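>>> Following is a predicted model, sequence given first.
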Amino acid sequence: MMQAVLAVTAVILALAAAGAIIRIARGPSLLDRVLAADVLLGILGGALCIDMAVNRHLNNLMLVVAISIIGFIGSVTVARFVADRRVESNES
């Protein structure tokens with residue numbers, strides 16, 4: 001039973017990651033690409049959490065925390081950059 005659940009979650013995570021990678025490659029705007037990269041980091045963090053739950057260990061916990069922080073800081077940085085860019089374009 002556990003193997004079937006793992007297979008289903010692996011397929012779902014792989015399809016989600018493929019969709020995020022396609023959006024990163026095609027995304028019409030910078031914000032679409034950043035959002036897709038953030039989703040990809042979330043998928044990676046989720047996969048690591050599933051691995052920790054199945055194998056009953058906490059070896060990847062610091063990696064999950066680091067991935068979460070990097071994704072958050074990256075998204076906030078790009079959002080501020082785009083917001084500053086829009087304010088400058090409206091002023092001129």
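Everything's here; your move. In this text, all values refer to a predicted model and were calculated from it rather than measured experimentally.
>>> Can you list the low-confidence ranges for the chain?
By pLDDT under 70, the weakly predicted segments of the chain are 92.
>>> Go again with 90.
1-2, 27, 29-31, 75, 79, 81-92 (pLDDT under 90).
>>> mind checking the longest helix of the chain?
Ranked by number of residues, the top helix in the chain under DSSP state H is helix 61-91.
>>> which other helices and strands contact that helix?
Helix 61-91 sits against helix 30-55, with contacts defined as 3 or more Cβ pairs under 8 Å, 6 or more residues apart in numbering; DSSP states H and E. Glycine gets a C-beta too; all of them are placed from N, C-alpha and C.
>>> how far does the helix it packs on sit from the chain's center?
4 Å (Cα atoms, centre = their mean, to the nearest Å).
>>> Which neighbouring elements make contact with that helix?
Taking 3+ Cβ pairs under 8 Å, 6+ apart as the contact cut, helix 30-55 packs with helix 2-26, helix 61-91.
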